[in-house]
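Q: need the 3D shape of this:
(2 chains)
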2 protein chains.
Amino acid sequence: MKKIINDPADVVTESLRGFAAAHADLVRVEYDPHVVIRADAPVAGKVAVISGGGSGHEPLHGGFVGAGMLDAAVPGAVFTSPTPDAVEAAVKATTGEAGALLIVKNYTGDVLNFETAGELAAAEGLDVRSVVIDDDVAVADSTFTAGRRGVGGTVLLEKVTGAAAARGDSLDAVEALARKVIGQVRSIGVALTAPTVPHVGSPSFELADNEIEFGIGIHGEPGRERIPLEPADTLVARMIDAVAEAGAGPRTAAGDNTDLPFASGDRVLLFTNSMGGTPQLETYLAHGIAERLLAERGITVERRLVGPYITSLEMQGISITLLKLDDELTELWDAPVNTAALRWGV
Amino acid sequence: MKKIINDPADVVTESLRGFAAAHADLVRVEYDPHVVIRADAPVAGKVAVISGGGSGHEPLHGGFVGAGMLDAAVPGAVFTSPTPDAVEAAVKATTGEAGALLIVKNYTGDVLNFETAGELAAAEGLDVRSVVIDDDVAVADSTFTAGRRGVGGTVLLEKVTGAAAARGDSLDAVEALARKVIGQVRSIGVALTAPTVPHVGSPSFELADNEIEFGIGIHGEPGRERIPLEPADTLVARMIDAVAEAGAGPRTAAGDNTDLPFASGDRVLLFTNSMGGTPQLETYLAHGIAERLLAERGITVERRLVGPYITSLEMQGISITLLKLDDELTELWDAPVNTAALRWGV
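A: Take a look at the predicted model:
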């Protein structure tokens, strides 16, 4: 294992120290348990928006803490759910009478631990709601999940709900908006190489020199199939097909996992994400192909996000996320945001 | 070679298409020859600030085109200098009576081609000056260079001179400022793995499983020495020693390549850069160590930049850059910037 670390057990703590030093204007970090909190939290009268999950997906979630997005992020160990007490600490540090929305990616451990934290907070009289995002169309059930996995759509969900909370929406309204976004965002990923978890020390899976994993999860969970490496034009077309076409995915007892067709006339946000190890040169190349393919389908790309925003350590690969837009979502996307990883309008 | 590309010969063109689609509000892209131009160029009365170099270092330079930074960037083929006619096209598209400053990284091909372009532009009556940045303290001469290489300091130089041009400084003043920045910025890099150039198809060099290249160049050029992988604390201390201590580097006929001591009482910008394949978790971890070591030396870290801003494709590794700050440089660093890769104050 070749990594710039000290003891693998200290990776998250030491990385948070660097993050805190780099972004003291935006966040404060607590270490026992690990919580990244907006520097000026709690913001009086505002719904708190909180997320979290295993580390190793940076900038998700700590890089999205700040005005216009998250009030707190709860980083677990690498690829490991944060504990309920850490989530509870994040809630208590940020939540007042307006309540809090917890954004949970659909992994069994995350769902359980955020649920427990929500109950603990409710017992103290705080109004805390949770939404679970499950935008990955690759497979209907997976290694760490019953139902679809939560992946790239999470970034867009955090931005849009954070903007709604910032403009003063009620908890009811922010929760309803979150459910709406979850209903109209879909993603697919592909891996060319495997990540290595520091405390494991070896790659999470093996791929042959000419093989890729289509439908990869963000923890290296298996996708739909292993296929030979193919030209970017073919690969991105396969990804757009998977995301855009209802019913294109495998049907299981849990139901059709690509239930949202994107059709001619739709307006979308196209998010082309690097899984970490894929260079910008390739990420933008893939993005350009996706733009062309969506134009050919009559789908209007109205907003874009391109870069490493939800990663799997050093894994090479990309994901493509489509969010169906309307005037409200576009306005919320465009609203000011001031975080380490997304910043505009400020 | 596992990459998300089509024909290796088309990588730069196709990536630029995606970049242009993603950032149409900031830039326009010309393809024959390849030039990334600020969308609203030429800006009347303003000194144009232009840079460029081989592709594969993204977001450098195209990601820094926009208000408050570069007026144009000229991307060559991967790890290959842009041609004089491409640089000339960038100058002609952006430069008026206020003239232009060309920011050139110290590689033989870049220096020659920018010089030729400057002469072509001068023959057309344009006032064009060049500065050559050579901030890498690793070695005094290298594979593609006589004298020190230009690396991470380039990002800071482009930001600061871009801000000076934006506030209306004359070409004389912008050029003088650039020379001042070049005089007080120093960098060192380290590689854990090698990048693979698409049109080559195999890694640029070989490292053993437990070996790293200390003092790596951004094209995989050899550094000072190959050493065993060591804990991050030790490695970052080695890097800070190399950058901060005058005379710590090898002395050669070309002179002492670490001629700028950073000492107690200095105020600095600390730039911890991912070479591309190193995840944020490790980059921030290294940054935290660098912050601590500088504090121990009595050096005040007044501004920071952390992330992949000058990369070598998928190479794993980091670089550390120190820029000595004063009130003027800090103000120029803080000034508004609106580019794909750096954005604040707008």
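
Q: and the host helix or strand of residue A:271, which strands flank it?
A: Taking DSSP states H and E as the criterion, residue A:271 maps to strand A:267-274. Sheet partners assigned to strand A:267-274 using DSSP bridges are listed as strand A:300-307 (parallel), strand A:317-324 (antiparallel).

Q: most tightly surrounded among the ones you listed?
A: A comparison of those by mean neighbour count, using mean count of other C-beta atoms under 10 Å in any protein chain shown, puts strand A:317-324 on top with a mean of 27. (C-beta placed from N, C-alpha, C; glycine too.)

Q: following that strand, which helix or strand shows up next?
A: With DSSP H and E, the next secondary element past strand A:317-324 is helix A:327-334.

Q: so that following helix versus strand A:267-274, what angle?
A: Taking axes from the mean of the first three to the mean of the last three C-alpha atoms, to 10 degrees, one finds that helix A:327-334 is oriented at 30 degrees with respect to strand A:267-274.

Q: quick one: contacts of helix A:327-334?
A: Counting contacts by C-beta atoms under 8 Å, 6 or more residues apart in numbering or on different chains, the residues outside helix A:327-334 that touch it are A:156, A:159-160, A:163-164, A:177, A:181, A:267, A:269, A:302-303, A:323, A:325, A:345.

Q: any chance of those in JSON lines, plus distance to residue B:6 and pLDDT?
A: Compiled in JSON lines, those are given as follows (distance: C-beta to C-beta, whole Å; pLDDT from 0 to 100):
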{"residue": "A:156", "distance to residue B:6": "28", "pLDDT": "98"}
{"residue": "A:159", "distance to residue B:6": "32", "pLDDT": "98"}
{"residue": "A:160", "distance to residue B:6": "34", "pLDDT": "98"}
{"residue": "A:163", "distance to residue B:6": "37", "pLDDT": "98"}
{"residue": "A:164", "distance to residue B:6": "40", "pLDDT": "98"}
{"residue": "A:177", "distance to residue B:6": "39", "pLDDT": "98"}
{"residue": "A:181", "distance to residue B:6": "33", "pLDDT": "96"}
{"residue": "A:267", "distance to residue B:6": "28", "pLDDT": "97"}
{"residue": "A:269", "distance to residue B:6": "25", "pLDDT": "98"}
{"residue": "A:302", "distance to residue B:6": "26", "pLDDT": "98"}
{"residue": "A:303", "distance to residue B:6": "26", "pLDDT": "98"}
{"residue": "A:323", "distance to residue B:6": "27", "pLDDT": "96"}
{"residue": "A:325", "distance to residue B:6": "29", "pLDDT": "97"}
{"residue": "A:345", "distance to residue B:6": "36", "pLDDT": "93"}
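
Q: need the max-distance pair from the residues you listed.
A: Based on C-beta to C-beta, the longest span within the contacts of helix A:327-334 runs between A:267 and A:345 and measures 20.7 Å.

Q: ok, the contacts of helix A:327-334 vs chain B, which is closest?
A: Comparing these against chain B with C-beta to the nearest C-beta places residue A:345 closest, at 7.7 Å.

Q: for residue A:213, what are phi and psi?
A: Backbone dihedrals for residue A:213, given as degrees, to the nearest 10, come out at phi -100, psi 110.

Q: give the contact list for residue A:237.
A: The contact partners of residue A:237, taken as C-beta under 8 Å, 6+ apart, are A:289, A:293.

Q: if we use 7 Å, what do you get?
A: Residue A:237 makes contacts with residue A:293, as judged by C-beta atoms under 7 Å, 6 or more residues apart in numbering or on different chains.

Q: which parts of the helix or strand where it lies are buried?
A: Using DSSP H and E, the element containing residue A:237 is helix A:232-244. The neighbour-count check on helix A:232-244 (16 or more other C-beta atoms under 10 Å in any protein chain shown) flags A:232-233, A:235-240, A:242-244 as buried.

Q: now do it, average pLDDT.
A: Average pLDDT, helix A:232-244: 96.

Q: for residue A:294, which non-adjacent residue is closest in space?
A: Once flanking residues are discounted, residue A:294 sits nearest to residue A:301: 5.5 Å by C-beta to C-beta, 6 or more residues apart in numbering or on different chains.

Q: check contacts around that neighbour.
A: The neighbours of residue A:301, taking C-beta under 7 Å, 6+ apart as the test, are A:268, A:270, A:291, A:294.

Q: let me know the pLDDT of the second one.
A: Reported pLDDT at residue A:270 in the predicted model: 98.

Q: distance check, the residue nearest to it when sequence neighbours are not counted against residue A:237.
A: The spatial neighbour of residue A:270 that comes closest, neighbours along the chain excluded (C-beta to C-beta, 6+ apart), is residue A:301 at 4.7 Å. Summarising the geometry, the distance separating residue A:301 from residue A:237, computed by C-beta to C-beta, to the nearest Å, is 16 Å.

Q: before we move on, back to that, the helix or strand following the strand holding residue A:271 packs against which elements?
A: Counting by DSSP H and E, the element after strand A:267-274 in chain order, helix or strand, is helix A:280-296. Here helix A:280-296 is seen to pack against helix A:232-244, strand A:267-274, strand A:300-307, strand A:317-324, helix B:11-22 when contacts are counted using 3 or more C-beta pairs under 7 Å, 6 or more residues apart in numbering or on different chains; DSSP states H and E.

Q: helix A:280-296 vs strand A:267-274, what angle?
A: Using the same axes, to 10 degrees, one finds that helix A:280-296 and strand A:267-274 are set 160 degrees apart in direction.

Q: touching helix A:280-296 from outside, list them.
A: Helix A:280-296 is contacted by residues A:232-233, A:236-237, A:240, A:268, A:270, A:272, A:274, A:301, A:306-307, A:318, A:320, B:3-5, B:11, B:14-15, B:17-19, B:21-22, B:55-56, B:58-59, B:313 when judged by C-beta under 7 Å, 6+ apart.

Q: how about that helix: buried residues?
A: A:280-294.

Q: again, but for stretch A:137-147
A: With burial defined by 16+ other C-beta under 10 Å, the residues of stretch A:137-147 counted as buried are A:137-140, A:142, A:144-145, A:147.

Q: out of those residues, which comes closest to residue B:107?
A: residue A:138 (43.0 Å).

Q: contact partners for that closest one?
A: If you count contacts by C-beta under 7 Å, 6+ apart, residue A:138 has them with A:188-189, A:215, A:223-224.

Q: next: residue A:20.
A: By C-beta under 7 Å, 6+ apart, residue A:20 lies in contact with A:27-29.

Q: from these, pick the one nearest chain B.
A: Distances from chain B to the contacts of residue A:20, taken as C-beta to the nearest C-beta, are shortest for residue A:29 (10.6 Å).

Q: that closest one touches residue A:38, doesn't it?
A: No - taking C-beta atoms under 7 Å as the contact criterion, residue A:29 and residue A:38 are not neighbours in contact, 11.1 Å apart.

Q: one step back: can you name the two of the contacts of residue A:138 that sit furthest apart?
A: The distance between the two most remote of the contacts of residue A:138 (C-beta to C-beta) is 10.4 Å, for A:189 and A:224.

Q: tell me, what's touching the two both at once?
A: Between them, residue A:189 and residue A:224 share the contacting residues A:138, A:215, judged by C-beta under 7 Å, 6+ apart.

Q: who has more neighbours, the two?
A: Each of residue A:189 and residue A:224 had its neighbours counted (other C-beta atoms under 10 Å in any protein chain shown), and the higher figure belongs to residue A:189 (30 against 18).

Q: no further questions, thank you.
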